[in-house]
Structures are given as C-alpha cells and as structure tokens.
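Engineer: give the three-dimensional model of this entry:
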Amino acid sequence: MVKPIEGGWRTLAFSREEAWVVHAALLDRVRQAVEAGDSEECYPELDAMTAIEAGRERFDPSEVSVIRDALKAYLVTAPPRDLAPGHGALRRTEHS
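Structural biologist: Down below sits the predicted model:
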C-alpha cells in the first residue's frame, strides 16, 4: 500500500529483496533509454534509483509512478528469483 504523508509524498517500505528488484527494474529502464539514445528521458528513473540506493522510504508521486511502471515492464521477463519480491514491491506501489 502507498501511504500518503505530508506534502503529497508516499511511504514505500521495501524489504531488502524488493529493493534489489526495484533497483534492477529501474536500471533496466535506464539501460534501455541509453541504448535508444534517450538518456535524457531516464532522469526520473535515476532519481528513483538513487532514492532506493540511499534506503529512502519517502517518494513523491512521480517517483512512485516511475517505480510502478518499471516494475510492470521488468516483471514480464524477470528471472524467476525476482518474481515474488517484484510482485510484492509492485503491490506496495498501488494506491489504496
């Protein structure tokens, strides 16, 4: 669940495994953008990835959206080990 907090930010408390999968999903989106020559288009993903790496649990609505979209795309072809934590992370991004 996404829990709203002050200023429109959301709390997403990912487990360690979920955070790794979110990071992998965001990194995959960044890699695709760079390979397509659209590296300027991946700034939202980089911002969200930096937040994940820092262990931050507060995300603005656009970061939540970027994480959700990255996970949806990544889980289509993710390795089996990433499926359960990835779906758990995806559920955390859904609005109540």
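Engineer: what number of residues lie near Ala70?
Structural biologist: 27 (other Cβ atoms under 10 Å). Glycine gets a C-beta too; all of them are placed from N, C-alpha and C.
Engineer: and it, what pLDDT?
Structural biologist: pLDDT recorded at Ala70 is 96.
Engineer: excluding chain neighbours, what is closest to it?
Structural biologist: Leaving out its chain neighbours, the residue that sits closest to Ala70 by Cβ to Cβ, 6 or more residues apart in numbering is Ala25, at 4.1 Å.
Engineer: low-confidence stretches in the chain?
Structural biologist: 1-7, 95-96 (pLDDT under 70).
Engineer: at 50 instead, please
Structural biologist: 1, 96 (pLDDT under 50).
Engineer: so where do the helices sit in the chain?
Structural biologist: 16-35, 43-53, 61-74, 80-93 (DSSP state H).
Engineer: so for Trp9, which of the ones you listed sits nearest?
Structural biologist: helix 61-74 (7.9 Å; Cβ to Cβ).
Engineer: buried ones in the closest one?
Structural biologist: 63-64, 66-71, 74 (16 or more other Cβ atoms under 10 Å).
Engineer: tell me which other helices or strands it touches.
Structural biologist: Secondary-structure packing of helix 61-74 (3 or more Cβ pairs under 8 Å, 6 or more residues apart in numbering; DSSP states H and E): helix 16-35, helix 43-53, helix 80-93.
Engineer: which one in the chain is furthest away from the centre?
Structural biologist: Most distant residue from the mean C-alpha position of the chain: Gly37, 21.5 Å away (Cα atoms, centre = their mean).
Engineer: ok so, going back, and which of the buried residues of helix 61-74 is nearest Glu41?
Structural biologist: Using Cβ to Cβ, these come closest to Glu41 at Val66, 11.2 Å.
Engineer: quick one: contacts for the closest one?
Structural biologist: 26, 44-45, 47-48 (Cβ atoms under 8 Å, 6 or more residues apart in numbering).
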